[in-house]
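> how would this look folded up:
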Amino acid sequence: MSVDLFTPITLGKLELPNRVVMAPLTRNRAGEGNVPTDLNAEYYRQRASAGLIISEATQVSPGGVGYPATPGIHSPEQVAGWRKLTDAVHGAGGRMFCQLWYCGRISHPSMLNGKLPVAPSAIRPEGEAMTWEGPQPFVTPKALTEKEIEHIIGEYGRAARLAREAGFDGVEVHAANGYLIDQFLRDGSNRREDRWGGALENRSRFLMRVLDTVFEAWRPEEVGVRISPENRFNSMDDSDPATTFDYVAHQLGGLGLAYLHVLEGDMLSGERALDYRHLRDTFGGTYMANNGYDLERARAALANGDADLVAFGRLYIANPDLVARFREGTPLNEPDPETFYGGDAHGYTDYPFIEEETVGA
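A predicted model of the protein is given here:
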């Protein structure tokens, strides 16, 4: 059977009507206390025709914060805010996973009540943190103790339970883009000499332990994992990404996950050196491709068997009805980068739908 973007697919008990996924997109519009708001609910409700929505990155604890106005999933108020949002998405016929996030060294003391950010090793990333006072140079993080690592693993478990209370259909563990789990996976940021560093089994231990605790709240087929083998964003590198992530994909492949979500190549330069078809085959389960896909490239990936699902980011910012536009061949709205981060409804919930464009013509 030929597979297209509009071919249904099953994830566990979820029936997705299409293979168009809304990628996780940080928009810095959470309310006071990092609580999702009615405006956030409207934004996601507008995009409910996606086969699956993955929430913006959502910190599992106050210690995981790295950016202003990003939502959390660790307080009763946040759970209540998310519940309004998931109810809105479900009411519009959609399905939604919560992306679980801990920024680690990609933060700043001003975001953490004066405390140092934490990481596997005390290695300062290059670049600047985004803070309420504007960009500030990254600082050297505190290397986590074993006790602190175990505590953070527990925070992932608690957040996973709260995501169920908040009405999500599943969760995605964010192990990509230079945040804490990725910092453990790659040897450029993990120089530990204990059971959490060095050999691949040790560097992947944090991810696997996080998944163990998440599985206490969700069945494996309700859990996705996101990785970014070549992405240099947030000052990341690895001496042998092909070997590192072949090992990771193999380990994840035996768990019965909902999917493996892969940011292919480097999202800043667009360069791709790894064989992602090999990575997909090593994983062996449902594979979600991401990074710069358009309609033509997505269709080719599905037709060639290189992916089962395709996640779209920038296109979903500007096109709440992206599925309909793809299906009908309607021109796409252009996203406005000036309104990507922070602000109000402008550049967030005011992009036109096809019907609105027709009426206004």
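
> rest of the way, CA atoms for contacts and neighbours
Fine.

> ranges for the strands of the stretch 101-250 of the chain?
Along the stretch 101-250 of the chain, the segments classed as strands by DSSP state E, counting those that start in this stretch run 118-119, 128-131, 134-137, 142-143, 170-174, 223-227.

> tabulate the ones you listed (CSV), appending mean pLDDT.
Shown next, in CSV, are those (pLDDT from 0 to 100):
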stretch, mean pLDDT
strand 118-119, 98
strand 128-131, 97
strand 134-137, 96
strand 142-143, 98
strand 170-174, 98
strand 223-227, 98
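
> among those strands, which is nearest His90?
Proximity to His90 (Cα to Cα) singles out strand 170-174 among the strands of the stretch 101-250 of the chain, at 13.1 Å.

> got the angle between the closest one and strand 223-227?
Orientation check (axes from the mean of the first three to the mean of the last three Cα atoms, to 10 degrees): strand 170-174 against strand 223-227 gives 20 degrees.

> so how far is strand 170-174 off the chain centroid?
7 Å (Cα atoms, centre = their mean, to the nearest Å).

> what does stretch 45-61 give?
Relative to its parent chain, stretch 45-61 has a centroid offset of 9 Å by Cα atoms, centre = their mean.

> what's the span of it from first residue to last?
Stretch 45-61 has an end-to-end distance of 26 Å (Cα to Cα, to the nearest Å).

> what is the rounded mean pLDDT of that stretch?
For stretch 45-61, the mean per-residue pLDDT is 98.

> next one: stretch 65-73
Averaging pLDDT along stretch 65-73 yields 98.

> likewise for stretch 284-303?
97.

> what residues of that stretch count as buried?
Of all the residues in stretch 284-303, those buried under the rule 16 or more other Cα atoms under 10 Å are 284-293, 295, 298-299, 301-303.

> go on, stretch 314-331?
By 16+ other Cα under 10 Å, the buried positions in stretch 314-331 come out as 314-323, 325-326.

> Asp237: neighbour count?
19 (other Cα atoms under 10 Å).

> swap in Asp266?
Per other Cα under 10 Å, the neighbour tally for Asp266 reads 18.

> what's it sitting at in phi/psi?
Per-residue torsions, Asp266: phi -100, psi 130 (degrees, to the nearest 10).
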